[in-house]
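Enquirer: sequence and predicted structure, then a few things I'm wondering about:
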2 protein chains.
Amino acid sequence: MKSKSQITLTDIAKRLSISKVSVSKALRDHPDISTKLKKRVKETAVELGYVPNFMARNLSSKKSNTIGLVVPKIAHHFFAEAIESIYKTAYQNNYEIIMTVSQENEAHEQQHLETLMAMRVDGLLISITEHTKDLAIFEKVLKRGVPLVFFDRVLCGLGFSCVTTDDEQGSYDAISFLAKKGYKNIAHLAGYQNSNIGYHRALGYKNALKKFGLSFSEKWFVVGGFGEADGYRGFKNIFKNGPLPEIIFAVTFPVALGAIVAANELGLSVPGDVDILSFGGSGYNRFMQPALTFMQQPVPEIGQTAIKLLIDEIKNGETGTQNIKLPTKLVICDTCLKEGDKL
Amino acid sequence: MKSKSQITLTDIAKRLSISKVSVSKALRDHPDISTKLKKRVKETAVELGYVPNFMARNLSSKKSNTIGLVVPKIAHHFFAEAIESIYKTAYQNNYEIIMTVSQENEAHEQQHLETLMAMRVDGLLISITEHTKDLAIFEKVLKRGVPLVFFDRVLCGLGFSCVTTDDEQGSYDAISFLAKKGYKNIAHLAGYQNSNIGYHRALGYKNALKKFGLSFSEKWFVVGGFGEADGYRGFKNIFKNGPLPEIIFAVTFPVALGAIVAANELGLSVPGDVDILSFGGSGYNRFMQPALTFMQQPVPEIGQTAIKLLIDEIKNGETGTQNIKLPTKLVICDTCLKEGDKL
DNA sequence: TTCATTTACTTAACCGATAAAGTGATCGTT
DNA sequence: AACGATCACTTTATCGGTTAAGTAAATGAA
C-alpha cells in the first residue's frame, strides 16, 4: 500500500469553496465562524479523513504542547512507576510526553537534551545519570530560557527547580529506627557520593549514627553505584575487610538485592546472619524471601509534583528554583525485626 | 528568566551577509557550498547558539525521523524491558521515539494513534490493550499508508506485520514438560481469549493436554485478564469450584503472582500444596520464594525485531504483512520439580 | 577565441498551519 | 436615516526551514 498524500486544510477549503482560514477557524471552534459552516466543515473533515499536521500547527503557533523527558533507564521499579505517573498527569493537562532514555550515559543525555530543544518542547523534565558532571548543557538550556525541572537525581543550584525524596531525613529516620531497636553495627552501601541521592542518604546515615552515639567506620561505608552489581560488589567488599556488621543499609533496592545475592553466595542467611534495610522498595518485594523492610519513597508523587511544577513554569513563562522534598515512610516486612518487635 | 527569542537561519545569514539558503546548505554539508564558507557558517552557528527547529525542518522535508510507540503500560517487566530495547535500537538507527501509554484503555489508545499521526511520525509500533475491539482506527492508519508494526499484543490479518513470542509453541512445550514429569491435573489461568496471547497460550495448553492424553476441564480453565488481580481472582475461583489441580499454568507472570497471593491467603503453600508454572518471568523472580519455573520470552528480541521491521517498512515505503514468532525457553527454578527432577 | 560546464551562490516557491488585518453585509440604536 | 458595532468570512503575512530554479563568474574543451 502506497502512502496517500495527506489531506490538508486547503483540500477541505476547495471542496467547500471557502478559504482555508475559515476551515482552520471552524475546526478550532473560533467564534468568527457560523455554527452552520462549522458543522459542514467538520463533516467534510471527517469524510475526507483529515488529520491536522502538528508540525505546521506548532511552527506557526510556536507552542508544541509537548514536554521532553530524559531518564537514565526504565527497566527499574522507581523509574517505571515515576514515568507512569508523569505520563498520566501530562495527559490530564493536555501535554504529550517525548521520553528519551540516557542509559546512564552522559553523552546520550546531552544529545537527548539537544534533540528535545530542537523539537521545541515547551519544557524539560530530567533525572540525570549516575555520572553527569558536565554542566554546560544545562547552562545552554538556561540561556535559551526553556523551563526545566529535575526530579529524583538532581543538580541543585543551577537555577532550576528540583523535586526529590527527602533523602536525608528518610535515611536519618531509617537509621534512627534501627538504633532504637538496638542495632549497633550498621554498615552502609552508599552509592555514588557525587549524586544527590547518594550524598544525602549517606548524610542522614552519618547524622543518625552521631545522634545515637554509634561509631562510623570507613570499612562499613562502601561507595559505588546504584545497581544490583554494585550491591554485590559492596557486600563482598565488606565481608573481605573484616567483621560483619549486624545490618546493612542499602542506598537503593537493587543494591540490597545485590547484597543478598553476595551474602547467599558466601553462605550467609538474611536476616539470620546479616540483616538488611533498603532505601526504596519494589512491587515484587512482598513476594521475596525475606521481604525487605524498606524506606518507602513517594514515587508517583515525585513524578506528579515534578511535572505539575514544570507545567506551572511553562505557563508562567519563567523557570523557577524551588526545591521540593517529599517525605518517606518506613515499611516493615521480614527484615530488621531484632528483638522487642518480633512479637 | 525570560525565554530568549530563538536564533534562526536568517540570523546567521544576516550576520554573514549571505542568503539563508546558503546557511541551510552549509549546515547540511551540501556540495553547493565552498569549504571556506561552510566553516564560517558553522562557526557562527555555534557562536550564536543556533539550534535547528525540527518542526520547520520536518514540515518542509516531510520526514520526521520519529517513530510513535503505543504500549498498554510500562511498570511491568515485559514492557519495561521491551521498551528499553526498542529505544536502544531506534537510537542506533537515528530515530527518535515518541512513546505513549494507553493504560489498557482502548479510547486512550485511539487518541494516541491519532495524535501520533498528527505529529507525522514516520511509523507506528504498538502493543494493544487487553480490550481492544474496534478496528476502525487501524483501518484509518492503513488508509493513510502509515507503516505500523504490532508486537506482543497483536491484531493479525489487518494488513500489518506482527512480532510475537511463539505463544502457542511455548505453551505447548511448557505443558509437555509438565506432562512428561507426570503432572496430570493441570489448570490454566488463561487471560482474555480475544487477545492473541491469551488465545494462543490457551491453544498450546489444550493441544498439549490432548497430545498427552490428559483431560481438559472447564473448571480448570479460567479466563480473565493478565494482571495480578486477575490471577488472584482466578485462583480463588478454582479453589471455590472443586478439587485443587496439582499445578497451575499462569498465562503471565503477574497472574502467577496473584495466584500465589490467593493460595497463601487460603493457607496453601506453593509448590507444596499447589504448584505453579508461569508463562513469562521477571528480573526479580530469582529472589522470590519460591522462584518460579517459567517459560522465558525473548523480550529484548521482540522489541528489536519489531522496530527493525518497522524501519525497513518505512524505508521501503510500504507496510508489510509478516508474522514473526520468536521462540521461548524453559527456565527451571523452585517450582515444577515433581519427582525425578528433585535431585 | 568561443561556447558548454562547473562552481558557488541567490531568488522564488512551498510545506501546512496560525495570526493579524481587512471587507462587505446585517444589526441595533438614537 | 445615519452610523458605529457585530457578524461571517477573506486576504495577506508569517513561522523556520527545504527544494527547485535561476545566475554570474570561473574553468575547460574544441
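Expert: Structure's in. What do you need?

Enquirer: quick one, domains of chain A?
Expert: Using automatic domain parsing, the domain ranges for chain A come out as A:9-52, A:65-165+A:299-325, A:167-297+A:330-341.

Enquirer: quick one: closest of the ones you listed to B:S17.
Expert: domain A:65-165+A:299-325 (25.5 Å; C-beta to C-beta). For every residue, glycine as well, the C-beta is placed using N, CA and C.

Enquirer: my guess is A:D173 meets A:T328, correct?
Expert: Yes - using C-beta atoms under 8 Å, A:D173 makes contact with A:T328 at a distance of 6.9 Å.

Enquirer: among the domains of chain A, which comes closest to DNA strand D?
Expert: domain A:9-52 (3.3 Å; C-beta to the nearest atom of the strand).

Enquirer: centre of the chain versus the closest one, how much separation?
Expert: The chain centroid and the centroid of domain A:9-52 are separated by 42 Å under C-alpha atoms, centre = their mean, to the nearest Å.

Enquirer: ditto for stretch A:121-129
Expert: With C-alpha atoms, centre = their mean, you get 10 Å for stretch A:121-129.

Enquirer: and it, does that touch DNA strand D?
Expert: No - Stretch A:121-129 does not reach DNA strand D (C-beta under 7 Å from any atom of the strand); its nearest approach is 14.5 Å.

Enquirer: pull the residues that contact that stretch.
Expert: A:63-72, A:79, A:82, A:86, A:95, A:98, A:102, A:104-106, A:109, A:113, A:116-117, A:141, A:146-155, A:306-307, A:310-311, A:313-314 (C-beta atoms under 8 Å, 6 or more residues apart in numbering or on different chains).

Enquirer: quick check: PyMOL command selecting the buried ones in those residues.
Expert: Those of those that count as buried under 16 or more other C-beta atoms under 10 Å in any protein chain shown are selected in PyMOL with:
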select buried, chain A and resi 64+65+66+67+68+69+70+71+72+79+82+86+95+98+102+104+105+106+109+113+116+117+141+146+147+148+149+150+151+152+153+154+155+306+307+310+311+313+314
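
Enquirer: inside helices: which ones of the contacts of stretch A:121-129?
Expert: Counted as lying in helices by DSSP state H, out of the contacts of stretch A:121-129, are A:79, A:82, A:86, A:106, A:109, A:113, A:116-117, A:141, A:306-307, A:310-311, A:313-314.

Enquirer: let's see the pLDDT reported for the residue nearest to A:V149 when sequence neighbours are not counted.
Expert: Leaving aside its sequence neighbours, A:V149 sits nearest to A:L310 (C-beta to C-beta, 6 or more residues apart in numbering or on different chains; 4.3 Å). pLDDT recorded at A:L310 is 97.

Enquirer: so where do the strands sit in the stretch 151-300 of chain A?
Expert: Ranges of strands within the stretch 151-300 of chain A are A:161-165, A:186-191, A:221-223, A:247-250, A:275-279, A:293-296, based on DSSP state E, counting those that start in this stretch.

Enquirer: a markdown table for those, including mean neighbour count and distance to B:G49?
Expert: A markdown table is the format used below for those (neighbours: other C-beta atoms under 10 Å in any protein chain shown; distance: least, C-beta to C-beta, whole Å):
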| stretch | mean neighbour count | distance to B:G49 |
| --- | --- | --- |
| strand A:161-165 | 25 | 23 |
| strand A:186-191 | 27 | 35 |
| strand A:221-223 | 20 | 37 |
| strand A:247-250 | 28 | 43 |
| strand A:275-279 | 27 | 40 |
| strand A:293-296 | 24 | 43 |
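
Enquirer: give me the nearest residue to the residue in chain A that chain B sits nearest to, chain neighbours excluded.
Expert: Here the residue of chain A nearest chain B is A:Q289; by C-beta to the nearest C-beta that distance is 2.8 Å. The spatially closest residue to A:Q289, leaving aside those adjacent along the chain, is B:Q289, at 2.8 Å (C-beta to C-beta, 6+ apart).

Enquirer: restricting to C-alpha, output stretch A:168-187 in CSV.
Expert: Extracted in CSV, the C-alpha atoms of stretch A:168-187 (Å, rounded to 0.1, in the frame of the first residue of the first chain):
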residue,chain,number,x,y,z
GLU,A,168,18.5,12.9,54.2
GLN,A,169,15.5,12.8,56.5
GLY,A,170,14.4,9.4,55.3
SER,A,171,17.8,8.0,55.8
TYR,A,172,18.0,9.6,59.2
ASP,A,173,14.7,8.1,60.2
ALA,A,174,15.7,4.7,58.9
ILE,A,175,18.8,4.6,60.9
SER,A,176,17.1,6.1,64.0
PHE,A,177,14.6,3.2,63.7
LEU,A,178,17.4,0.7,63.7
ALA,A,179,19.3,2.4,66.6
LYS,A,180,16.2,2.4,68.7
LYS,A,181,15.8,-1.3,68.1
GLY,A,182,19.3,-1.8,69.5
TYR,A,183,21.2,-2.3,66.3
LYS,A,184,24.8,-1.0,66.9
ASN,A,185,26.8,-2.0,63.9
ILE,A,186,25.2,-0.6,60.9
ALA,A,187,27.0,-0.6,57.5
